[in-house]
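# sequence and predicted structure, then a few things I'm wondering about:
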Amino acid sequence: MGKFAKWVAGGLGWAFFGPIGGIVGFTLGSLLDTQEFSKTTSYSATTSGSFAISLLVLVAAVMKADGKILRSELDYVKKYFIQTFGEESAIEALKMLRDILKQDIPLQAVSLQIKDNLDYPSRLQLLHFLMGVSNADGQIAPSELNTIATISSYMGVTAKDFESIKSMFIDDTDSAYKILEINKSATDDEVKKAYRKMAIKYHPDKVNHLGEDFQNAAKEKFQKVNQAYEKIKKERNMV
């Protein structure tokens, strides 16, 4: 059993209940040994399993946004998961994802369940993962972006935080400022203050409760903040 299956077997927590549980219950038998699952699963606190299953359900919702599932999309998702979690976990995740894609996904109910049970930094990390998967082929389809925006809203992510994470993947002349959640007219002191605020908000330690693998994946978000700050400093000749 690879890491992804171990995360799920180790405890679905709150995700076992509500709409997410209804969706993934269909898939568990194809991935996990039932006896092992029943011995190790807990049903209360947020775990890596809760987060991983939430991610797969939301990825499926984004992939279904344009009404068709392409082989190329599955390949992109697999590539992204291999880069993030390793090949064995990617294979397990893709197997579950194929089953989840067969289900009807009540987007609002799923997103609200996540909002009610997952802390804010972890919801931001989910959003970052969704943007990364959607952008795996180098572009984000409008239908997928709209679905991610809807998920973000239902999950209670602020418009500024959504714009910040979106700007990490969709580049324009003001992307660096949007990542730091400030306007281009901000003073140098305001830029420095914004950087410190965002560095704290997106620090990988904010999701250390999800385990080392997810914490390592969160470093990309933190690096984007640093890159945005360095770009602005260079443009302004800031010390």
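The structure has been received and is ready for your questions.
# can you name the residues that contact the residue positioned nearest the centre of the chain?
In the chain, the residue lying closest to the centroid (Cα atoms, centre = their mean) is L126, at 2.2 Å. By Cβ atoms under 8 Å, 6 or more residues apart in numbering, the contact list for L126 reads F51, S54, L55, L58, I114, L118, M155. Glycine gets a C-beta too; all of them are placed from N, C-alpha and C.
# can you turn the buried part of these into a ChimeraX selection?
The following ChimeraX line selects those of the contacts of L126 that are buried, judged by 16 or more other Cβ atoms under 10 Å:
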select :51,54,55,58,114,118,155
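# dump the contacts of L126 to a markdown table, plus distance to Q223.
Formatted as a markdown table, those follow (distance: Cβ to Cβ, whole Å):
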| residue | distance to Q223 |
| --- | --- |
| F51 | 20 |
| S54 | 24 |
| L55 | 20 |
| L58 | 23 |
| I114 | 25 |
| L118 | 23 |
| M155 | 23 |
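# CA-only coordinates of the helix or strand harbouring R123 in CSV, if you can.
Assigned by DSSP states H and E, R123 belongs to helix 120-134. Extracted as CSV, the C-alpha positions of helix 120-134 are listed here (Å, rounded to 0.1, in the frame of the first residue of the first chain):
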residue,chain,number,x,y,z
TYR,A,120,-8.6,28.1,6.6
PRO,A,121,-4.9,27.5,5.8
SER,A,122,-5.8,23.9,4.6
ARG,A,123,-8.6,25.3,2.4
LEU,A,124,-6.1,27.7,0.8
GLN,A,125,-3.9,24.7,0.2
LEU,A,126,-6.8,22.8,-1.5
LEU,A,127,-7.4,25.8,-3.7
HIS,A,128,-3.7,26.0,-4.6
PHE,A,129,-3.7,22.3,-5.5
LEU,A,130,-6.8,22.7,-7.7
MET,A,131,-5.2,25.6,-9.6
GLY,A,132,-2.0,23.6,-10.0
VAL,A,133,-3.8,20.5,-11.4
SER,A,134,-6.0,22.7,-13.7
